[in-house]
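1. Coordinates for the following, if possible.
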Amino acid sequence: MTASPLTTLGVVALGGAIGAVARYQIALATVALYPRFAPAGTLVANVLGCFLIGLLMVLAQSQILSETSRQLWVTGGLGALTTFSTFGWQTVELVREGRLTLALLNVGLNGGLGFGAVIAGIWIGRRAIGA
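-> As a prediction, the model looks like this:
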């Protein structure tokens, strides 16, 4: 039996709430441990998310983890904890499929366009507030 779209949204939303709270707790803990390195929380969340998506997707592909559990923990939980985990999974899958050029393009575009978008957002934001 397939879950209704409303049920699926609820499962993803619940996972998202769990992931968001986990990310916040990770940020608090890492700031306490490394007060002079603010990116430590992001680093820990990203690495943890990458590890978990690898583990959970193997379980999902082996049908040990149900589709509903995958939606809860991978789509919702890891989606809120970090999208970097999805980026990591998709890039590894491209390499595994022998699509190295696309994997490298994915890394380059995510990094380059991501950093560029941050810079563009800063530039536009500063102009918008007259700074």
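2. List of residues touching stretch 13-26?
-> Outside of stretch 13-26, the residues within contact range by Cβ atoms under 8 Å, 6 or more residues apart in numbering are 41, 44-45, 48, 71-82. Where you see a C-beta, it was placed from the backbone N, CA and C, and this is true even at glycine.
3. which element follows the helix or strand hosting residue 14 toward the C-terminus?
-> Element membership for residue 14 (DSSP states H and E) is helix 5-33. Per DSSP H and E, helix 5-33 leads on to helix 40-61 as the next helix or strand towards the C-terminus.
4. Can you list the buried residues in the helix holding residue 14?
-> Within helix 5-33, the residues that qualify as buried are 8, 11-12, 15-16, 18-19, 22-23, 26-27, 30, counting by 16 or more other Cβ atoms under 10 Å.
5. Ok, stretch 29-49 next?
-> 30, 40-41, 44-46, 48-49.
6. same thing with stretch 57-66?
-> Buried residues in stretch 57-66 (16+ other Cβ under 10 Å): 57, 59-60, 65.
7. do stretch 101-120 as well
-> For stretch 101-120, the neighbour count (16+ other Cβ under 10 Å) marks 103, 106 as buried.
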